[in-house]
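Colleague: 3D model of this:
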Amino acid sequence: MTPEEKARVKIDQMFEDAGWKVVDRDFYSPTITAAAIREGLLEGNREADYFLFVCGKAVGVLEAKREEVDVASDVVCEQAIRYTRYVPQCYQAFARPLPFIYQSNGVMTYFRDCRIEDSDLEELNRIHTPKEIVKMLGIEDPYAGLPTLKKKGLRDCQYEAITELESSFRTGQDRALIVLATGAGKTYTACLAAYRFLAYTPMKLSCSW
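Modeller: Alright, predicted model coming up:
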């Protein structure tokens, strides 16, 4: 494994720990709540190491380097800033240029909010969660802060049920029905869905006795 590949493994893990889904660009879908696209295509055949989307809209980029590179250097900063200006017109974006930049070598991670004039790099050493990004952007969509649901540990039917439930609410439905076969894990599915809504959205729990 090359030094660059080792750094990417660590960066992928940071994204996943924060609730993002890391995908290759051929597998990106706007239905993914928070996506970090590897080698995301920009205008002029440029590629962002990671092209970041929340609810189908571009929000930023991450410039990745191998561990021995100083990712806070002027050269890396200028490269990352340039990438925020080359969002293809086929993509929706929260702002043009993109508001957020990360620069990481897998050990040190820096963040910049480009909406703040002459802003400095902030040593962060992590990736913001989707919920934090939503708050910083002032997005009012109550479901925009949902982290990507991890499939590990879930049956296919449980994963599909929660994914489709969340999708239905994001598209404006105010009611949804989950139907699972006996023994499929309905209780766990309901608890996990309720936890995600209570923890990451303004939704409140209402019980009838």
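Colleague: for the protein, what spans make up the helices?
Modeller: Ranges of helices within the chain are 3-18, 74-83, 130-137, 156-170, 186-200, based on DSSP state H.
Colleague: for the longest one, packing partners?
Modeller: Helix 3-18 is packed against strand 21-24, strand 34-41, strand 47-54, strand 57-64, strand 100-104, with contacts defined by 3 or more Cβ pairs under 8 Å, 6 or more residues apart in numbering; DSSP states H and E. All C-beta atoms are positioned from the backbone trio N, CA, C, and that covers glycine.
Colleague: who wins for proximity to residue 72 among those strands?
Modeller: Residue 72 sits nearest to strand 100-104 of all the helices and strands packed on helix 3-18, at 6.9 Å, using Cβ to Cβ.
Colleague: Could I get the CA-only coordinates of the closest one as PDB?
Modeller: The C-alpha trace of strand 100-104 is given here as PDB (Å, rounded to 0.1, in the frame of the first residue of the first chain):
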ATOM      1  CA  PHE A 100     -16.200  24.300   3.100                       C
ATOM      2  CA  ILE A 101     -12.700  23.000   2.700                       C
ATOM      3  CA  TYR A 102     -10.900  20.200   4.500                       C
ATOM      4  CA  GLN A 103      -7.200  19.400   4.100                       C
ATOM      5  CA  SER A 104      -5.900  16.100   5.500                       C
END
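Colleague: List the buried residues for the helix or strand of the chain with the lowest mean pLDDT?
Modeller: Least confident helix or strand of the chain, by mean pLDDT, DSSP states H and E, is helix 156-170 with a mean of 85. Of the residues in helix 156-170, 157-159, 161-163, 165-166, 169-170 count as buried by neighbour count, 16 or more other Cβ atoms under 10 Å.
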